[in-house]
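# curious how this folds, go ahead:
(2 chains)
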Amino acid sequence: MFEDKVIPLDVWITDGINWLVDNHRALFLKLKWPVEQTLNGIDHGLNALHPLIIIAAVLLIAWRIAGWRVSLFSVLSLVFVGLLGLWEDTMTTLAMVVSSVLFCIIAGVPLGICAGKNDRFERIIRPILDAMQTTPSFVYLVPIVMLFSIGNAAGVLATIIFALPPIVRLTGLGIRQVPRELVEAAEAFGATNWQVLAKVQIPLALPTILAGLNQTIMMALSMVVVAALIGAGGLGSPVVLGLNSLDIGIAAIGGIGIVLMAVMLDRITQAAAKKRY
Amino acid sequence: MTSPQVMLEVEHLTKIFGANPKRALPLLEQGISKEDIFQKTGLTVGVHDASFSVYEGEIFVIMGLSGSGKSTLVRMLNRLIEPNSGSVTMRGKNITTMTHDELVQFRLHNMSMVFQSFALMPHLSVLENAAFGLELAGVAKQERSKRALQALEQVGLSGWENCKPENLSGGMQQRVGLARGLAVDPEIMLMDEAFSALDPLIRTEMQDELLMLQEKYRRTIIFISHDLNEALRIGDRIGIMEGGKLIQVGTPEDVLQNPANDYVKAFFKGVDPTSVLSAKDIVSKSHPTIIITKGGNLRAAHEILSASERDYAFVLDPQHRLQGVVSTDSIVELLKEKNPDRTLRDAFLQNIEAVNEDDSMQDILPLVAQSQNPVPVTDSNNKFKGVVSKARFLNTLHRSSDNTDNTDILTTEGA
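Okay, the predicted model is just below:
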């Protein structure tokens, strides 16, 4: 029955994207600029530092936040990926994860706070977050390449789209979970809306926000391979390379590197989220 | 003595919850009850037309059952809840017409609050909690620590400054809440059921503490309570609320001697407690119960009885429905027969009558008076709820006849 009644939505979308590319590409490239600068800064920084310094820094951070077991595991993982010859790729991946997560925090926490405080805003943003989380990334990979061209920065942008929802959701949840009477008490003592937010809601929501951060980091890592498809470097590139040349070994070591980084970042951020006030 | 200064003037304060609350106003004018208005319009009347004055340096207690609107009323005084109409004036300053900024300033400096749930910040230390109001007001760190320490000292919490609230007992947590309220040195302190969450002993202790502080500092305090004892102990004047209306205001003696209506009378005179209290209010669970499966073992039952040092045990099926009552004697007699076929069911006492949990004390009086054993109480599904013994019955009567101790009646009506 649908043979001759087809909505040409696909055509419209293609036309729309083409129109954006033709007329507003400069704008999108400007949007890319801060992402690119942050990413390159972190990437160069990480790769310029001697691996020992980085390993020492991770050892210290993991030990302070998550204890000596996680610290030991992190150091061994880093040494191991170094011995696999993946050190530079690992640093690039770390830089991509850090910069995409950074932008996720900058955008996601305020959005989450708004969603936590305002029911209507939450109703509007929830389906958008659902779409961002569930739309297969291959769908928006091509438009991203058309608008932002290829490379690490485009990879980071795709990662941001995919990894943003958890931190927004969990920030909103954290704000909503703050007991009503504590907000009321703060108001009774003359707190302004900002003071309620800064002195009561955010501190009490922090463990939940950090749980969201953990999720965002995990999702960012899971985009590493997809980002490599559009020319981003890092641990995804050996995987893609191995895939294209049917070289199982190369793909496998890339995968091992990703898993080790994922476990390391997960344990450290989870420990941070569990820390009480 | 000069006549007391009016500190706070409340006039015709009304709050109706729900969409488009003005609809309820004409109905209220006609004297239609809160319940009927809710039926008709879906609107909940919180407070209707409350007017009273609070004098400087007094403790003004607003008393009523849960749902009578007292918490709503007190929250309209500092506009945590916005009134629909009416006004609150403090020393000539109209609070109800303040802009948001003025209101923030007013809350910072003039009126603090103590909460039933304590509402302490779990992420802050005791000292930081006590200093919370000062911090909001932008008082410098040294100064606010000093004042918070003083406040903590007043409530007897010196030495606990660096603890987290979660490590403190309920009574101590509320002392922190009190210190937080005192530290900002407010003109009026609102206390919303401040001691209701504490156990009775601690509650009395806190009341004494408050009275001692009051002796020294003579603050104006508006205290919300559902506890008659509390109101009588600490109140200089009492306002009684029922169904959103303030029905009487006066000194405890005034209200005691000239209750405005039967509702108020019921608070104080206790009317006849036997008509107000029902079996479930005086039920006791102290008697042993035996769950019967299949026949029921006589020896096991005997063990349970002697271990509990009671003469009667109540036999239930696995669904807790009452099956019968056994006594030590009835079991011992069967055991003497040494007949292995005898089961617990054979030991059931004859002529046992259970009463329904909703029967009033008046209804069950004859039965309790006649029967040897404690009378079992069941609900409408025959589920066992406990027993009423003679001693328990008399004890309740005795307590209720004591005028200052009939809070049981209060809680009953609230239920």
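# burial count for B:R175?
Close neighbours of B:R175, defined as other C-beta atoms under 10 Å in any protein chain shown, add up to 25. C-beta: built from backbone N, CA, C; applies to glycine.
# that one and B:L157 touch, don't they?
Yes - contact criterion C-beta atoms under 8 Å: B:R175 and B:L157 qualify, at 5.2 Å.
# where exactly do the strands run in the stretch 151-300 of chain B?
Using DSSP state E, counting those that start in this stretch, the strands found in the stretch 151-300 of chain B span residues B:188-192, B:220-225, B:237-242, B:245-250, B:289-291.
# between these, which one is closest to chain A.
strand B:188-192 (7.7 Å; C-beta to the nearest C-beta).
# can I get that closest one in CSV? Just the C-alpha atoms.
The C-alpha coordinates for strand B:188-192 follow below in CSV (Å, rounded to 0.1, in the frame of the first residue of the first chain):
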residue,chain,number,x,y,z
ILE,B,188,11.9,35.5,65.4
MET,B,189,12.7,31.8,65.3
LEU,B,190,10.2,29.4,63.7
MET,B,191,10.3,25.9,65.0
ASP,B,192,8.3,23.4,62.9
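# who does that strand pair up with?
Using DSSP bridges, the strands paired with strand B:188-192 are strand B:111-114 (parallel), strand B:220-225 (parallel).
# quick check: pLDDT value at B:M172.
Here, the pLDDT recorded for B:M172 equals 91.
# my read: it touches B:G159, true?
No - counting by C-beta under 8 Å, B:M172 stays clear of B:G159, with 11.3 Å between them.
# between those two, who's got more neighbours?
Set side by side, B:M172 and B:G159 show more neighbours around B:M172, with 19 against 10, by other C-beta under 10 Å.
# show me what contacts that one?
Shown in contact with B:M172 (C-beta atoms under 8 Å, 6 or more residues apart in numbering or on different chains): B:L157, B:W160.
# run a quick neighbour tally on B:E29.
Residues near B:E29, counting by other C-beta under 10 Å: 10.
# can you tell me how far it is from B:I37?
When C-beta to C-beta, to the nearest Å is the yardstick, B:E29 and B:I37 sit 11 Å from each other.
# on that earlier part again, check the strands paired with strand B:188-192 for me and report the most buried one.
Among these, strand B:111-114 has the highest mean neighbour count (mean count of other C-beta atoms under 10 Å in any protein chain shown), at a mean of 27.
# three-state assignment of the closest residue to B:R91 other than its chain neighbours?
What sits nearest to B:R91 in space, not counting adjacent residues and going by C-beta to C-beta, 6 or more residues apart in numbering or on different chains, is B:M7, at 6.7 Å. Following DSSP: H, G, I helix; E, B strand; the rest coil, the label given to B:M7 is strand.
# doesn't B:G92 make contact with B:M7?
No - assessed by C-beta under 8 Å, B:M7 is found out of contact with B:G92, at 10.8 Å.
# neighbour count for the two, which is higher?
Set side by side, B:M7 and B:G92 show more neighbours around B:M7, with 20 against 7, by other C-beta under 10 Å.
# list the contacts for that one?
Applying C-beta under 8 Å, 6+ apart, the residues near B:M7 are B:S53, B:V54, B:Y55, B:E56, B:G57, B:M90, B:R91, B:E187, B:I188, B:T220.
# again, but for B:I95
Neighbouring residues of B:I95 by C-beta under 8 Å, 6+ apart: B:L77, B:N78, B:R79, B:S87, B:V88, B:T89, B:L103, B:F106.
# could you redo the last one with a cut-off of 7 Å?
Contacts for B:I95 (C-beta atoms under 7 Å, 6 or more residues apart in numbering or on different chains) come out as B:R79, B:V88, B:T89, B:F106.
# gap between stretch A:217-228 and the chain center?
Going by C-alpha atoms, centre = their mean, to the nearest Å, the spacing between the C-alpha centre of stretch A:217-228 and its chain's C-alpha centre is 8 Å.
# can I get that stretch in PDB? Just the C-alpha atoms.
Extracted C-alpha coordinates of stretch A:217-228, given in PDB (Å, rounded to 0.1, in the frame of the first residue of the first chain):
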ATOM      1  CA  ILE A 217      34.200   8.500  29.800                       C
ATOM      2  CA  MET A 218      33.300   4.900  29.100                       C
ATOM      3  CA  MET A 219      31.100   5.900  26.100                       C
ATOM      4  CA  ALA A 220      33.900   8.200  24.800                       C
ATOM      5  CA  LEU A 221      36.300   5.300  24.900                       C
ATOM      6  CA  SER A 222      33.900   3.100  23.000                       C
ATOM      7  CA  MET A 223      33.800   5.700  20.200                       C
ATOM      8  CA  VAL A 224      37.500   5.500  19.700                       C
ATOM      9  CA  VAL A 225      37.300   2.800  16.900                       C
ATOM     10  CA  VAL A 226      34.400   4.600  15.200                       C
ATOM     11  CA  ALA A 227      36.300   7.800  15.300                       C
ATOM     12  CA  ALA A 228      39.200   6.100  13.600                       C
END
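# what bridges to the closest residue in space to B:A194 that isn't next to it in sequence?
Excluding its sequence neighbours, the residue lying closest to B:A194 (C-beta to C-beta, 6+ apart) is B:V114, at 4.4 Å. Note on B:V114: beta-bridge partners by DSSP bridges are B:M191.
# correct me, but B:V114 touches B:G181?
Yes - B:V114 is within contact range of B:G181, at 4.8 Å (criterion: C-beta atoms under 7 Å).
# what about residue 228, neighbour count?
This is for chain A. A:A228 has 25 nearby residues by other C-beta under 10 Å.
# sorry, should have said chain B
The local packing of B:L228 (other C-beta under 10 Å) involves 23 other residues.
# let me see the confidence value for it.
Per-residue pLDDT puts B:L228 at 79.
# helices of the stretch 51-200 of chain B, start to end?
In the stretch 51-200 of chain B, the helices defined using DSSP state H, counting those that start in this stretch lie at B:70-77, B:100-109, B:126-130, B:132-136, B:141-154, B:170-183, B:200-217.
# anything in contact with each of B:V114 and B:G181?
Here B:V114 and B:G181 have B:M189 as joint contacts, going by C-beta under 7 Å, 6+ apart.
# close to chain B: what parts of the stretch 51-200 of chain A are there?
With C-beta under 7 Å from any C-beta of the partner chain as the criterion, the stretch 51-200 of chain A comes near chain B at residues A:E181, A:L182, A:E184, A:A185, A:E187, A:A188, A:F189, A:G190, A:A191, A:T192, A:Q195, A:V200.
# show the buried residues in those residues.
Among these, those classed as buried by 16 or more other C-beta atoms under 10 Å in any protein chain shown are A:E181, A:L182, A:E184, A:A185, A:E187, A:A188, A:F189, A:G190, A:A191, A:T192, A:Q195, A:V200.
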